[in-house]
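**Q** pasting a predicted model and its sequence here:
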Amino acid sequence: MNAEPDVTLPRHVAVIMDGNGRWATGRGLTRIQGHRRGKDSVREIVETAREIGIEVLTLYAFSSENWERPPREVDALMRLLGRYLKTELKKMMRYEIRLRAIGDLRKLPKEILAELRAVEKSTSRNKRMTVQLAVSYGGRQEIIGAVRRLAVRVRDGSLEPAEIDEAMFADALMTAGTPDPDLLIRTSGEMRISNFLLWQIAYTELYITDTLWPDFRRQQFIAALDHYAQRQRRYGKTGEQLASQV
Ligand code: IPE
Ligand code: IPE
Ligand code: MG
């Protein structure tokens, strides 16, 4: 085993999987066919991340705002999620992958939520990698949820406002216990965050590629990781300060 952790390898990679619709319409296919193909990319990226030794992979599968899409598309996405969970469980067990869902899951169709909970439960002891699936997820909504939880404790008298610090706040988020993402990948070229992990990405390295999600496969993922390995994370310090530390 390697004693020294490899700092050029991100522990936590988060991905905004965007561009399924454009991939499909560019080929004269329906948007839903694009989502279907996007599922194959999800499989390949999960396998590759596991192989490389990424600890946490957070995938933005469906945003709080995506509920506003046409009902047919929302339905299709929910059905695809259900099918993904059913077909991938065996592999998650074999590869020792733990699945954890983040988001406002109460909005999910009952049978999809039940499937999600079942997979979370079956994989809860797996230790090699965590896949965090962000579904019905919004960063602002998550922050409001955390504020409410802490406010209740202040009202109860069990918490002083001055005791609230960054670590306590992070613990009140749905991502509690996971390190912040080191690398955020967004496919399909959009230069925005779209309400993803707003608190957690304060010092995350961003990588935006024009590649559309269904075309984002092993090779493209490795290219993103290679880019990350070249970055110098300064956290507000100067390059000279960092050079003198080594
Ligand atoms: C990403 O692809 C998948 C989801 C948001 C669910 P899109 O469906 O957003 O694809 P584009 O952005 O329209 O191409
Ligand atoms: C972000 O993609 C959400 C997911 C990838 C699940 P969108 O396609 O919904 O983002 P916007 O609307 O273009 O910002
Ligand atoms: Mg999109």
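**A** Done, it's in. Ligands and ions are numbered 1, 2, ... in the order given.
**Q** surely residue 222 meets residue 45?
**A** No: taking contacts as C-beta atoms under 8 Å, residue 222 lies outside contact range of residue 45: 10.5 Å. The way it works is simple: take the backbone N, C-alpha and C, and place the C-beta from them, glycine included.
**Q** which residue of these two possesses the greater neighbour count?
**A** Neighbour count, other C-beta atoms under 10 Å: between residue 222 and residue 45, residue 45 has more, with 25 against 12.
**Q** quick one, grab the pLDDT at that one.
**A** Listed pLDDT for residue 45 reads 98.
**Q** quick one: it from residue 38, how far?
**A** Distance, residue 45 to residue 38, using C-beta to C-beta, to the nearest Å: 10 Å.
**Q** residues contacting the residue nearest to the spatial centre of the chain?
**A** Nearest to the geometric centre of the chain sits residue 58, at 2.1 Å (C-alpha atoms, centre = their mean). Listed by C-beta atoms under 8 Å, 6 or more residues apart in numbering, the contact set of residue 58 reads 12-15, 102, 131-134, 175, 178, 181, 197.
**Q** within the sheet, what are the partner strands of the helix or strand harbouring it, with directions?
**A** Taking DSSP states H and E as the definition, residue 58 sits inside strand 56-63. Sheet pairing of strand 56-63 (DSSP bridges) gives strand 12-16 (parallel), strand 129-137 (parallel).
**Q** run the chain-centre distance for that strand.
**A** The chain centre lies 3 Å from the centre of strand 56-63; the measure is C-alpha atoms, centre = their mean, to the nearest Å.
**Q** mind giving me the packing neighbours of the helix or strand following it?
**A** As assigned by DSSP H and E, the chain's next helix or strand after strand 56-63 is helix 71-94. Helix 71-94 sits against helix 31-52, strand 56-63, strand 97-102, helix 110-123, with contacts defined as 3 or more C-beta pairs under 8 Å, 6 or more residues apart in numbering; DSSP states H and E.
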